[in-house]
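The amino acid sequence is not available; the structure is as follows:
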């Protein structure tokens, strides 16, 4: 049995499929950490760092908590969310390592650079 699983979510159909796989295949009580990597803040100019940007990030975090965790919770899984600044691949690896995850679940359409990086 898997105790802790990290799943990559990025708004794509492939990430929806990964979340659905977790909901369908994991035992109730398993902890699933939904991870979304975002643009690296170090690469953004000061002019771009506006209130609108912070509102967008808050909205992304809220979507993680509500939309992405909802099907997992309905399946009896415990869900935690992480919004990580950086590439999706780096975010997944970082959180999987920090959480000592038993598995990493990702959806992969053909030639997805973020997943190929893993």
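Nice, thanks for sending it over. Every value quoted in this text rests on a predicted model; they were computed, and no experiment measured them.

who does the residue nearest to the spatial centre of the chain bridge with?
For the chain, the residue nearest the mean C-alpha position is residue 35 (2.1 Å; CA atoms, centre = their mean). On the basis of DSSP bridges, residue 35 is bridged to residue 8, residue 82.

in terms of contact, does it touch residue 15 like I think?
No - in terms of CB atoms under 8 Å, residue 35 does not count as a neighbour of residue 15; the distance is 9.9 Å. Glycine gets a C-beta too; all of them are placed from N, C-alpha and C.

what do these two both touch?
7-9 (CB atoms under 8 Å, 6 or more residues apart in numbering).

Export the residues you listed as a markdown table, with columns for distance to residue 75, pLDDT and neighbour count.
Below are the shared contacts of residue 35 and residue 15 laid out as a markdown table (distance: CB to CB, whole Å; pLDDT from 0 to 100; neighbours: other CB atoms under 10 Å):
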| residue | distance to residue 75 | pLDDT | neighbour count |
| --- | --- | --- | --- |
| 7 | 12 | 94 | 26 |
| 8 | 18 | 90 | 27 |
| 9 | 15 | 88 | 26 |
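
how about those residues in JSON lines, adding distance to residue 31?
JSON lines is the format used below for the shared contacts of residue 35 and residue 15 (distance: CB to CB, whole Å):
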{"residue": "7", "distance to residue 31": "11"}
{"residue": "8", "distance to residue 31": "16"}
{"residue": "9", "distance to residue 31": "15"}
